[in-house]
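Enquirer: Could you work out the structure for the sequence below:
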Amino acid sequence: MENQTREPDIQNPHIVIGLAGFVQTVDGFAISTNRVLRIQLPEDFTTAQGLLTSGEITRIGRDFELLAQVLRENPSRFAELLEASIQNRVDEAKRIARELRLTEEDFKRHGGGVLGAVGAIGSIADVTSLA
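Expert: Sure thing, here's the model as predicted:
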């Protein structure tokens, strides 16, 4: 995945995911940091009717299949990945993700693209939190 820095287009939908409350003490000062990931949905993510295409749904399904496979085959290593991420050990988390083949490129190579699954989970979490 190519890393580009640009401001999100607030006219188009985007997903925001964050981890907050990383606290450390530096010279007696408590410092709290947050990590926020903002994913802007591409303009072509929806059809003119506002519905996802069958191809997009298939890719999202493939994302979940690939993730389930990793969970079945490497549950303890996946737990280490989550723990490293939650504890803000970013380099370690990235290394484990690469080892488990959980990069966006890996998902795309196998017919998915994990950012679609993130969008699906975000939508489900939003709806179920309101139910």
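Enquirer: Count the neighbours of Gly113 for me.
Expert: As a burial measure, Gly113 scores 19 neighbours (other CB atoms under 10 Å). Just so you know, the C-beta spots here come from the backbone N, C-alpha and C atoms, and that holds for glycine as well.
Enquirer: which residues sit in contact with it?
Expert: By CB atoms under 8 Å, 6 or more residues apart in numbering, Gly113 lies in contact with Arg59, Asp63, Glu104, Phe107.
Enquirer: Leu19 now?
Expert: Contacts of Leu19 by CB under 8 Å, 6+ apart are Asn34, Arg35, Ser85, Ile86, Asn88.
Enquirer: Strands of the protein, residue ranges please.
Expert: 14-26, 29-40 (DSSP state E).
Enquirer: Val23 and Gln87 touch, don't they?
Expert: No: using CB atoms under 8 Å, Val23 makes no contact with Gln87, being 11.6 Å away.
Enquirer: Neighbour count for those two, which is higher?
Expert: Applying other CB under 10 Å to Val23 and Gln87 shows that Gln87 carries more neighbours, namely 12 against 9.
Enquirer: Tell me the spacing between that one and Phe107.
Expert: Plainly put, Gln87 is 24 Å away from Phe107 if you go by CB to CB, to the nearest Å.
Enquirer: still on that earlier bit, out of the contacts of Gly113, flag the one nearest to Ala125.
Expert: Asp63 (15.7 Å; CB to CB).
Enquirer: For the contacts of Leu19, pick the one with the most neighbours.
Expert: Ser85 (17 neighbours).
Enquirer: quick one, what contacts the nearest residue to it once chain neighbours are set aside?
Expert: Distances taken as CB to CB, 6 or more residues apart in numbering place Ala93 nearest to Ser85, at 4.2 Å, with adjacent residues excluded. Counting by CB under 8 Å, 6+ apart, Ala93 touches Leu81, Ala84, Ser85.
Enquirer: What distance do you get for Ala93 to Gln69?
Expert: 19 Å.
Enquirer: Only the buried residues of stretch 106-124, if you could.
Expert: Neighbour-count burial for stretch 106-124 flags Asp106, Phe107, Lys108, Gly112, Gly113, Val114, Leu115, Gly116, Ala117, Val118, Gly119, Ala120 (criterion: 16 or more other CB atoms under 10 Å).
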